[in-house]
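> Pasting the sequence and the predicted coordinates here, then a few questions.
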Amino acid sequence: MRHFPSVVLLAALLAPALARAQLMLPGALQGSPSTAGTQSPGAAPGQPKAAGLKPPSEETIVGHELSRDGFAGIIAFQRGSGNGLEIARLLIAGEEISRPGEQCQVEVVAGTPIQTRFAGRPNGVSHYEVEIETCPFSLDVLEGAVLVTRTPKTCDFRAADCRVDPAGLWGPPGNAIGPDQTKQLERERGRVESAMLAQFHALLKSAGKDKEAIKQIASEQAGFSSEREVICRNYLREDFHGFCGLRITQARALALQTAFEDRTKAKAKPARTRAKLKPDPDPAIQSKAKSE
């Protein structure tokens, strides 16, 4: 494998404003208004109320070296000034541009840690954008992992003759997840699946008699399993430990919860608007009524 141990990208490569693709977690509903970072509004009497799920903390990834699909490359995070999230190391695997099929990897170094920009929680988990001119991408923070996306998927580092693909789940090495942790993941899996189904049913019920909304919600959920399979099929020893599938399912549950919160909040707005538009009684009429 041809390895470029230190292809240095100058700080100028960190562009201030680049077009970036918005990451949509598997099954995240399109078209829902974003209420990133807000708490779920109280459901009205008779309305479904989904159990509150908390987004994974960045502390589950800080100080750990994660690899794409549990074996390729390295991404490591640290806390920066103002408690922001920084990328301390980024090694991305790919194929040689001149000889497709030949493996290569590029270590991206900018002299200082690469800054990330927090972009809210549009799908229930913390979303960050990384502005590297050669290879900008977005990431969502899962528990002990990050889900990276970019459009197009590949980036060309021509100086290194290397075309890389950062997209996918970056987590712990697949061969480092032992029997004890696998048992723990298995116990957790049942709870997570139940939580996801509860969020799905709450969201479905919140659609009421809106046939188009019901169709969209059901279609998204039906396609989730295949989307999860695509993301996790190359994760090292996934059949043994199921780490990737579990984390993607957690993300799906949070995306459903966020969609439910958005729908509930959107329904509450018209009622509040009508209340505000209702004219106040004329003071003169009120005074006359009292005198009579």
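Yep, it's here.
> Show me what counts as buried in stretch 124-136.
124-132, 134-136 (16 or more other C-beta atoms under 10 Å). Every residue, glycine included, has its C-beta placed from N, CA and C.
> Please read the previous query as pertaining to stretch 215-227.
Buried residues in stretch 215-227 (16+ other C-beta under 10 Å): 216-217, 220-221, 224.
> Quick check: of the residues you listed, which lies closest to residue 61?
residue 224 (23.5 Å; C-beta to C-beta).
> quick revisit: return the subset of the buried residues of stretch 215-227 lying in strands.
The strands in this structure, assigned by DSSP state E, contain none of the buried residues of stretch 215-227.
> now, which of these lie within helices?
Residues of the buried residues of stretch 215-227 located in helices (DSSP state H): 216-217, 220-221, 224.
> is it true that residue 73 lies in a helix?
No - Residue 73 is assigned strand when assessed by DSSP: H, G, I helix; E, B strand; the rest coil, not a helix.
> Now do the SS call for residue 132.
Quick answer, by three-state DSSP: residue 132 is coil.
> how about the strands in the stretch 101-250 of the chain?
Ranges of strands within the stretch 101-250 of the chain are 103-109, 114-118, 127-130, 137-142, 145-149, 155-157, 162-164, 168-171, based on DSSP state E, counting those that start in this stretch.
> want to throw these into a markdown table with mean pLDDT and distance to residue 70?
Shown next, in a markdown table, are those (pLDDT from 0 to 100; distance: least, C-beta to C-beta, whole Å):
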| stretch | mean pLDDT | distance to residue 70 |
| --- | --- | --- |
| strand 103-109 | 91 | 16 |
| strand 114-118 | 95 | 22 |
| strand 127-130 | 98 | 21 |
| strand 137-142 | 98 | 13 |
| strand 145-149 | 98 | 9 |
| strand 155-157 | 96 | 21 |
| strand 162-164 | 98 | 17 |
| strand 168-171 | 99 | 6 |
